[in-house]
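> sequence first, predicted coordinates after that:
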Amino acid sequence: MRIDVAATLTMTSPEPATALLQVAVADPSSEQLTVLSGGSPVEPEEIDVAGARVHRLQLEPGDTTVTYSASAGTGGAPRSVTPAEWAEALRPSRYCPSDQLEGFASTEFDRNLPRTELVPAVADWVHRRLIYTSGASRPVDTAIDTLLAGQGVCRDYAHLTITLLRSLEIPARLVAVYAPGLSPMDFHAVVEADIDGTWCVVDSTRLAPTSSLLRICSGRDAADTAFLSLFGGVAQFRTMTVTATTAGALPAPSDAPFPLP
């Protein structure tokens, strides 16, 4: 399946600033990234970061527009869990304090289930427990805040799913993706869990089919996968548009784990 994606971001700063951008597809067949800052073209610098393609931009004073487009296929070999990834994806992280929910997770789930059953059971539990509510959460909210609030957006669903899985000693991480079929269209956050040594995706929101997701990057939580980070005291993000399309009908969203290439 071929997927075409595009993203346009605008930001502004009265003085020079730096931006870290994570919107590039992990393995594109073709792509184009252009940056216009302060009325002049800017050459992005690609940085090698584990699990991501990060572009560093030196912004000029004034308005900046970033335009990205790419095409890619969804086929490919499943990703094996490396020992380093296994260790990182088990530890608590900024938005996923799994050490604080170990007792809670043990009372809600049967640790003795095989992971092929336990991982989708956790995702289904989160889906039933939360109400998807735009604007309901703060950028600093952790999985515990989401659990207590009972609502959130895709990153909140992902953080709670990751936290519960780690509490059950299942390595899990957040994956930022383009998601054909998502409405309203945006960057999307899903979860990858270690099932028998392979990274498999589950989406607790069930807002888009997992088999048509296109990987951008992965990390411990949203702190590692933000599409834009601005450095410069007065630099401000302004607008964003995202599209992800594919020819033909999309499958229905599913709670079954899916290996994302």
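All right, it came through fine.
> residue contacts, the nearest residue to Ser40 once chain neighbours are set aside?
Nearest residue to Ser40, sequence neighbours excluded (CB to CB, 6 or more residues apart in numbering): Glu60, at 6.4 Å. C-beta coordinates here come from the backbone N, C-alpha and C atoms, glycine included. Taking CB atoms under 8 Å, 6 or more residues apart in numbering, we find Glu60 in contact with 16, 37-40, 42.
> what's the closest of these to Glu88?
Closest approach to Glu88 among these (CB to CB): Val42, at 32.3 Å.
> my read: the closest one touches Leu57, true?
Yes: with contact defined as CB atoms under 8 Å, Val42 reaches Leu57; the gap is 5.9 Å.
> higher neighbour count, those two?
Leu57 (22 against 17; other CB atoms under 10 Å).
> quick check: that one touching Pro44?
Yes: at 5.6 Å, Leu57 counts as touching Pro44 under the criterion of CB under 8 Å.
> drop anything exposed from the contacts of Glu60.
Neighbour counting by 16 or more other CB atoms under 10 Å classes 37, 42 among these as buried.
> how's the protein carved up into domains?
Per automatic domain parsing, the structural domains of the chain span 2-74+227-246, 83-223.
> winner for burial among the ones you listed?
For the domains of the chain, the largest average neighbour count (mean count of other CB atoms under 10 Å) is found in domain 83-223, namely a mean of 20.
> returning to that earlier point: looking at the domains of the chain, which is closest to Pro253?
Per CB to CB, nearest to Pro253 of the domains of the chain: domain 83-223, 4.3 Å.
> got a list of what Gly232 touches?
13, 15-18, 59.
> tabulate the residues you listed (CSV), appending pLDDT, distance to Arg173 and secondary structure.
Output for the contacts of Gly232, formatted as CSV (pLDDT from 0 to 100; distance: CB to CB, whole Å; DSSP: H, G, I helix; E, B strand; the rest coil):
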residue, pLDDT, distance to Arg173, secondary structure
Ser13, 94, 32, strand
Glu15, 94, 36, coil
Pro16, 94, 34, coil
Ala17, 95, 29, strand
Thr18, 96, 26, strand
Leu59, 95, 30, strand
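> check contacts around Val202.
119-120, 122-123, 161, 190-191, 193, 210, 255, 257-258.
> looking at the sheet around it, what are its partners?
Judged by DSSP bridges, the bridge partners of Val202 are Val191.
> helix, strand, or coil at Ala105?
helix (DSSP: H, G, I helix; E, B strand; the rest coil).
> Leu164 is in contact with that one, correct?
Yes: between Ala105 and Leu164 there is a contact under CB under 8 Å: 5.0 Å.
> tell me where the stretch 1-150 of the chain has helices.
For the stretch 1-150 of the chain, helices defined by DSSP state H, counting those that start in this stretch occupy the ranges 83-88, 102-108, 115-129, 143-149.
> tell me the SS of the closest residue in space to Ile216 that isn't next to it in sequence?
Closest residue to Ile216 apart from its sequence neighbours, by CB to CB, 6+ apart: Ala176 at 4.3 Å. Three-state call for Ala176 (three-state DSSP): strand.
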